[in-house]
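Engineer: Take this sequence and fold it.
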Amino acid sequence: MARRDAHPARPAPSPPGTGGPSSGSDGQPGNAFDPWRYRADTAVTDLDLAGYQVEASDGGIGKVDQASHAVNSSYLVVDTGPWFFGRRVMLPAGTVNHVDHNKRKVHVDRSKDQIRAAPEYDETADTDPAYRDRLGGYYSDTYSAIPPGTARKG
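Structural biologist: Okay, the predicted model is just below:
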């Protein structure tokens, strides 16, 4: 018997430059990936998401240490495990698929491997444009490298 997911996976936005004819108020195509903004349908509010569990497309990856809701600059800092086995990574807000406030879980549309391979969080450079460009580029590129919601089994 198939299990019905109360929160079905949302379709991933198209890679940059391939959005449909609709566009947002900022002139960006309606389906374009914007790494630094939460998607309109994610159920993210101004609530502090610190402490929420983070679910990658293929399972749990850690918990939110801190969250930013800054306009055009939103992100999550995720602790991926115990102090010497894990590390902290910054996930741009655009990777958030949806938030389940009842279960205190943030669902992202990246696999655990994609998150583990991400550049490590650098709190001294988190506002540096070059660091943000590199990080935003990494997550934008993962749309074509491994489709969101698809984990490679190895």
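
Engineer: what's the single longest strand in the protein?
Structural biologist: Assignment by DSSP state E gives strand 59-68 as the longest strand of the chain.

Engineer: Need the contact partners of stretch 118-127.
Structural biologist: Applying CB atoms under 8 Å, 6 or more residues apart in numbering, the contact partners of stretch 118-127 are 75, 77, 87-91, 131-132, 134-135, 138-139. From N, CA and C alone the C-beta is placed, and that goes for glycine too.

Engineer: now, which of these lie within strands?
Structural biologist: Counting by DSSP E, the part of the contacts of stretch 118-127 found in strands is 75, 77, 88-91.

Engineer: Spatially central residue in the protein, please.
Structural biologist: Note on the chain: the residue nearest the mean C-alpha position is residue 95, at 2.2 Å, using CA atoms, centre = their mean.

Engineer: State the pLDDT value of it.
Structural biologist: Residue 95 is assigned 93 on the pLDDT scale.

Engineer: Give me the spatial nearest neighbour of it, chain neighbours excluded.
Structural biologist: Of all residues not flanking residue 95 in the chain, residue 108 sits nearest, at 4.6 Å (CB to CB, 6 or more residues apart in numbering).

Engineer: what number of residues lie near the one you found?
Structural biologist: The tally of other residues near residue 108 (other CB atoms under 10 Å) stands at 26.

Engineer: For it, what are phi and psi?
Structural biologist: For residue 108, the backbone dihedrals are phi -120, psi 160 (criterion: degrees, to the nearest 10).
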